[in-house]
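**Student:** return a 3D structure for these sequence lines:
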Amino acid sequence: MISGRYQEWAEAGMIKIPITMAPPLRQVNSYLLRGPEGVTIIDPGPRTEVTEKEWEAVWKELGIHPGDITSIVVTHHHPDHFGLAGQLQSLTLAPVYMSARAYKEAERMWGTASTVNEALPTLFRQHGMPDEWLNQLPRHLNGFIPQVSPFPKVTIITEDTLMTMGGRHWEPVMSGGHAPGHISLYNRDKKVMICGDAVLPQISPNISLLPGSETHPLNSFVSGLERLGTYEVSMAFPGHRSPFDYFHERIRSLIQHHEQRLLRMEQLLREESLTGFQVCSAVFGTKLGIHQMRFAMSETLAHLLELVRQGRAAEEENTDGTGIRFRVLQQSYGVL
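**Tutor:** Have a look, this model is predicted:
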């Protein structure tokens, strides 16, 4: 018997562990699977004093010693999923599994050679973001470093790697858009998908254009959704909110959501050429903190560049040479 804080799905062989993260989401779902091979943790959460104490409480209530942990699996590189992997590895000596691309993204964002603090403000400045926002970015980005330190020593997995967790076999399924190299995990026997942030039940995963990362993240995201939709799934276990049984319906809804957002932005550009920040402000508003504004701006650019990729819009230099604007092309068909 476990407390109401932890939810167990015996038929799927896993326990959902809510781990604290910053607003607006407030919690990330970690999953714990126990089997003959030992205990697996999926997505341990960000590293903070609060989350370290939460895991100590997990060990105590579930009767688990850190030495019982035989593997740690990370679906993608974002701090709320990847962050504690290195610290838990130092306590458990367990291997940490993630894709090569996901680990590369972690190094690009927070590694010792990262240049994102310079590259992201430069990108946003090109697209019209004012200094009042740009000046907040370096401190904001540096704030994540304690949440992901230390980095783990990673064992790379691919789609050919068959994972054994909770006494069952799981197939990695790669996708992108929200996070390059994102891994979902599929069990064919029970038709269960552990989907991280690739498919969320109530909110749309953020799709971000970031310097040096995916060139067309929205196209990558939709392609990944279409691929995930080919799997027969009876229950999906996401990185946020509750497990759900409408996996394919949700995939269709997410694709439709982004089609509608593309049409909204295309309509804005029909009225006049706009900078990325102007489009962002029209769609998301400006009453946001820097964290949400970064997401909003990166998502806006992902959609605008998808319009360009589809031949529905074009980029052009401002007349004074200070940056980039987008304009709609006359012949466009609104097809994703």
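
**Student:** quick one: Ala314 is in a helix?
**Tutor:** No: using DSSP: H, G, I helix; E, B strand; the rest coil, the assignment for Ala314 is strand, not a helix.

**Student:** bridging residues for it?
**Tutor:** Beta-bridge partners recorded for Ala314 (DSSP bridges): Arg327.

**Student:** pretty sure it is touching Ile324, no?
**Tutor:** No: contact criterion C-beta atoms under 8 Å: Ala314 and Ile324 do not qualify, at 10.4 Å. Where C-beta positions appear, they are placed from N, C-alpha and C, glycine not excepted.

**Student:** centre of the chain to the host helix or strand of Arg325, how far?
**Tutor:** Element membership for Arg325, per DSSP states H and E: strand 324-328. Strand 324-328 has its C-alpha centroid displaced from the chain centroid by 28 Å (C-alpha atoms, centre = their mean, to the nearest Å).

**Student:** check stretch 284-299 too.
**Tutor:** A distance of 16 Å separates the centroid of the chain from that of stretch 284-299, by C-alpha atoms, centre = their mean.

**Student:** do stretch 83-91 as well
**Tutor:** The mean C-alpha position of stretch 83-91 is separated from the chain mean by 19 Å, C-alpha atoms, centre = their mean.

**Student:** for stretch 87-96, same thing?
**Tutor:** For stretch 87-96, the distance to the chain centre is 22 Å (C-alpha atoms, centre = their mean).

**Student:** now do the same end-to-end measure for it.
**Tutor:** This stretch, stretch 87-96, spans 11 Å end to end (C-alpha to C-alpha, to the nearest Å).

**Student:** in that stretch, what counts as buried?
**Tutor:** Within stretch 87-96, the residues that count as buried by 16 or more other C-beta atoms under 10 Å are 87-89, 92, 94-96.

**Student:** hmm, back to that, CA-only coordinates of the strand holding Arg325 in PDB, if you can.
**Tutor:** C-alpha atoms of strand 324-328 as PDB (Å, rounded to 0.1, in the frame of the first residue of the first chain):
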ATOM      1  CA  ILE A 324      14.100  40.600 -40.000                       C
ATOM      2  CA  ARG A 325      10.400  40.900 -40.900                       C
ATOM      3  CA  PHE A 326       8.000  38.400 -42.300                       C
ATOM      4  CA  ARG A 327       5.500  38.900 -45.000                       C
ATOM      5  CA  VAL A 328       2.800  36.700 -46.400                       C
END
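
**Student:** list the buried residues in the lengthiest helix in the chain.
**Tutor:** Using DSSP state H, we find that the single longest helix of the chain is helix 247-271. Using 16+ other C-beta under 10 Å as the test for burial, helix 247-271 gives 247, 250-251, 254-255, 258, 261-262, 265-266, 268-269.

**Student:** in JSON lines: those residues, plus pLDDT and distance to Phe295.
**Tutor:** Shown next, in JSON lines, are the buried residues of helix 247-271 (pLDDT from 0 to 100; distance: C-beta to C-beta, whole Å):
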{"residue": "Phe247", "pLDDT": "98", "distance to Phe295": "24"}
{"residue": "Arg250", "pLDDT": "98", "distance to Phe295": "20"}
{"residue": "Ile251", "pLDDT": "98", "distance to Phe295": "21"}
{"residue": "Leu254", "pLDDT": "98", "distance to Phe295": "16"}
{"residue": "Ile255", "pLDDT": "98", "distance to Phe295": "20"}
{"residue": "His258", "pLDDT": "98", "distance to Phe295": "15"}
{"residue": "Arg261", "pLDDT": "98", "distance to Phe295": "14"}
{"residue": "Leu262", "pLDDT": "98", "distance to Phe295": "18"}
{"residue": "Met265", "pLDDT": "98", "distance to Phe295": "16"}
{"residue": "Glu266", "pLDDT": "97", "distance to Phe295": "21"}
{"residue": "Leu268", "pLDDT": "97", "distance to Phe295": "19"}
{"residue": "Leu269", "pLDDT": "97", "distance to Phe295": "21"}
